[in-house]
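1. I would like the atomic coordinates for the input below:
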Amino acid sequence: MSVAFTFPGQGSQAVGMGKDLAETFPEARAVFAEVDEALGQKLSAIMFEGPEETLTLTANAQPALMAVSIAVMRVLEARGLSLKDQVSYVAGHSLGEYSALCAAGTFSLADTARLLRIRGNAMQSAVPVGEGAMAAIIGLEQADVEAICKEASTGGSCQIANDNGGGQLVISGSKPAVEVAARLATEKGAKRALMLTVSAPFHSALMGPAADAMREALAGVSAKAPVVPVVANVRAAPVSDPDEIVRLLVEQVTGQVRWRETVEWFAANNVTTLYEVGSGKVLTGLARRIDKSVTGIAINTPADIDSALAALIG
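-> Numbering: from 1, shown residues only. You can find the predicted model right below:
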């Protein structure tokens, strides 16, 4: 019977996130100030006040979501939580894997903020606007969606980007191929095939230039072994070796976020509670759909922090 901490990905951002933490806890204020300094930008002002379209930009949303997650972690730790002693594993959805690694001590906060700024810019610029696309396919098995992607790939790159569980798979690639795949999915019985409003085809082969940028950026930072293993997106299994962690982070840019398998791995390895650390409740909802034996609990408000501390350390 054990606990894992999970960290949300892009899409969980909202104007105002982290503001109540900053107003309540000096540890949270310190995190936001350190991230602002590392980026040379008042990112916290955009997080707290908006505008939404500026916060939603990939290069802002990624470090901003990480900052909220680490603010929650620092508050928990200042009040007695020991990640090493009370938590068995960490994992994060896409950019959330960087938050997980920062929480577990692999990267410093300043390095993580800078890495995510580079990652956001690199992913945004890897493909000209309008050439890539993503679509959510609801109600088909993974094997069926893989076959559809293969069939659609005659018109360009198309692959599964996220397996989010609960029958939701996200595909990504060149716009013509993704549009064909969405149509094929509908023809083959998908409940829904919805083109997503995204700025780039994330987690697809088209992100190759961004993977190269991250390989170079990661080579320039110090990576330590995490204090607890991280369950990596592209492997859905725990990793602790820093060199392997870095290699998998590069692979993650063009590879699949295997979130369903990650939650299933937790369930199969006696993890009974997944605490979602940071903004929103997306991962908590996914956990519920993937495996009913796992309890998902979000920690993002001062009240959530009090409840989590009472449960984790009494």
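
2. hmm, Cys149 is touching Ala181, no?
-> Yes - using C-beta atoms under 8 Å, Cys149 is in contact with Ala181, at 5.7 Å. The C-beta positions use only the backbone N, C-alpha and C, and glycine is treated the same way.

3. any residues in contact with both of the two?
-> Taking C-beta atoms under 8 Å, 6 or more residues apart in numbering as the criterion, Cys149 and Ala181 both touch 158, 171, 173.

4. and which of those residues is nearest to Ala308?
-> The closest of these to Ala308 turns out to be Ile171 (C-beta to C-beta; 35.1 Å).

5. tell me the SS of the closest residue in space to Ala64 that isn't next to it in sequence?
-> In space, and not counting its chain neighbours, Ala64 is closest to Met47: 5.0 Å by C-beta to C-beta, 6 or more residues apart in numbering. Following DSSP: H, G, I helix; E, B strand; the rest coil, Met47 is assigned to helix.

6. do the same with Ala133
-> Per three-state DSSP, Ala133 ends up strand.

7. pLDDT wise, what is it at?
-> Ala133 carries a pLDDT value of 97.

8. for the residue nearest to Ala64, give me its contacts.
-> Here Met47 is in contact with 13, 15-19, 32, 55, 64, 67-68 (C-beta under 8 Å, 6+ apart).

9. what about the strands in the stretch 1-150 of the chain?
-> 2-7, 89-92, 132-138 (DSSP state E, counting those that start in this stretch).

10. how about those strands in CSV, adding distance to Met195 and mean neighbour count?
-> Supplementary listing: these in CSV, determined by distance: least, C-beta to C-beta, whole Å; neighbours: other C-beta atoms under 10 Å:
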stretch, distance to Met195, mean neighbour count
strand 2-7, 27, 26
strand 89-92, 26, 28
strand 132-138, 5, 23
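
11. relative to Val277, which of these is closest?
-> Using C-beta to C-beta, the strands of the stretch 1-150 of the chain put strand 2-7 closest to Val277, at 5.2 Å.

12. quick one: end-to-end distance for stretch 143-162.
-> 14 Å (C-alpha to C-alpha, to the nearest Å).

13. tell me the mean pLDDT for that stretch?
-> 96.

14. just stretch 306-314 next, same as before
-> The model assigns stretch 306-314 a mean pLDDT of 94.

15. ok now the longest helix belonging to the chain, how far from the chain's centre?
-> Using DSSP state H, we find that the single longest helix of the chain is helix 58-78. Centroid separation for helix 58-78 versus its chain: 12 Å, with C-alpha atoms, centre = their mean, to the nearest Å.

16. tilt between that helix and strand 2-7?
-> 150 degrees (axes from the mean of the first three to the mean of the last three C-alpha atoms, to 10 degrees).

17. ok, residues contacting stretch 52-69?
-> 7-10, 12-13, 15, 17-18, 21, 31-32, 35, 39, 43-44, 46-47, 92, 95-96, 98-99, 102-103, 112-113, 116-117, 119-121, 123-124, 199-200, 277-279, 300.

18. contacting residues around Phe32?
-> 18, 22, 43-44, 47, 67, 71.

19. any idea how far Gln168 is from Glu251?
-> 22 Å (C-beta to C-beta, to the nearest Å).

20. if we can go back for a sec, which stretch among the strands of the stretch 1-150 of the chain comes nearest Lys224?
-> Closest among those, once you apply C-beta to C-beta, is strand 89-92, at 13.9 Å.

21. other SSEs contacting the closest one?
-> Other helices and strands packing on strand 89-92, by 3 or more C-beta pairs under 8 Å, 6 or more residues apart in numbering; DSSP states H and E, are strand 2-7, helix 96-103, strand 230-231, helix 259-268.

22. I figured Ser240 was touching Ala223, is that so?
-> No - when contacts are counted by C-beta under 8 Å, Ser240 is not listed as touching Ala223 (11.3 Å).

23. quick one: which of these two has more around it?
-> A direct count of neighbours by other C-beta atoms under 10 Å for Ser240 and Ala223 places Ala223 higher, at 19 against 14.

24. that one belongs to a strand?
-> No - using three-state DSSP, the secondary structure at Ala223 is coil, not a strand.

25. give me the below-cutoff pLDDT ranges for this structure.
-> Within the chain, no range satisfies pLDDT under 70.
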